[in-house]
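Visitor: Quick one, what's the 3D model for this:
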Amino acid sequence: MPIRAEHEIHTRRKGRNVGVGLMLAGFVILVLALTFTKVTNGDFELPSGTEISGG
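Guide: Numbers count the residues shown, from 1 in each chain. As a prediction, this is how the structure comes out:
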């Protein structure tokens, strides 16, 4: 059974999928960095009227 060469459309799809995956990973890292910065800034407080109840 010979190994078939990958079709050109699959190569383009793989490239597009890698690009979308990298953009998604970058967005997630950006959101995590902004959240971490906001929480560790020191002036993070829950909005007034918000209570944390222990179930």
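Visitor: how about low-confidence regions in the chain?
Guide: Where the chain drops to pLDDT under 70, the residues are 1-2, 44-46, 49-55.
Visitor: Going along the chain, name the helices of this structure.
Guide: For the chain, helices defined by DSSP state H occupy the ranges 8-40.
Visitor: Quantify the burial of Arg4 by counting its neighbouring residues.
Guide: When neighbours are defined as other C-beta atoms under 10 Å, Arg4 has 6 of them. To be clear about C-beta, it is placed using only N, CA and C from the backbone, and glycine gets the same treatment.
Visitor: let me redo that: Val31
Guide: By the measure other C-beta under 10 Å, the count of residues near Val31 is 10.
Visitor: can you tell me how far it sits from Val18?
Guide: Separation of Val31 from Val18 (C-beta to C-beta, to the nearest Å) stands at 21 Å.
Visitor: Then Leu24?
Guide: 11 Å.
Visitor: Tell me which residue is most central in the chain.
Guide: Val28 (2.4 Å; C-alpha atoms, centre = their mean).
Visitor: give me the number of residues near Lys14?
Guide: 11.
Visitor: Next: Val20.
Guide: The burial count for Val20: 10, using other C-beta under 10 Å.
Visitor: Same question for Gly26.
Guide: Count around Gly26 with other C-beta under 10 Å applied: 10.
Visitor: now swap in Ser48 and tell me
Guide: 5.
Visitor: Distance of it relative to Gly42?
Guide: Counting by C-beta to C-beta, the gap from Ser48 to Gly42 is 18 Å.
Visitor: One more: Leu22?
Guide: 33 Å.
Visitor: Looking at these two, which is more packed in?
Guide: Per other C-beta under 10 Å, whichever of Leu22 and Gly42 has more neighbours is Leu22, with 10 against 5.
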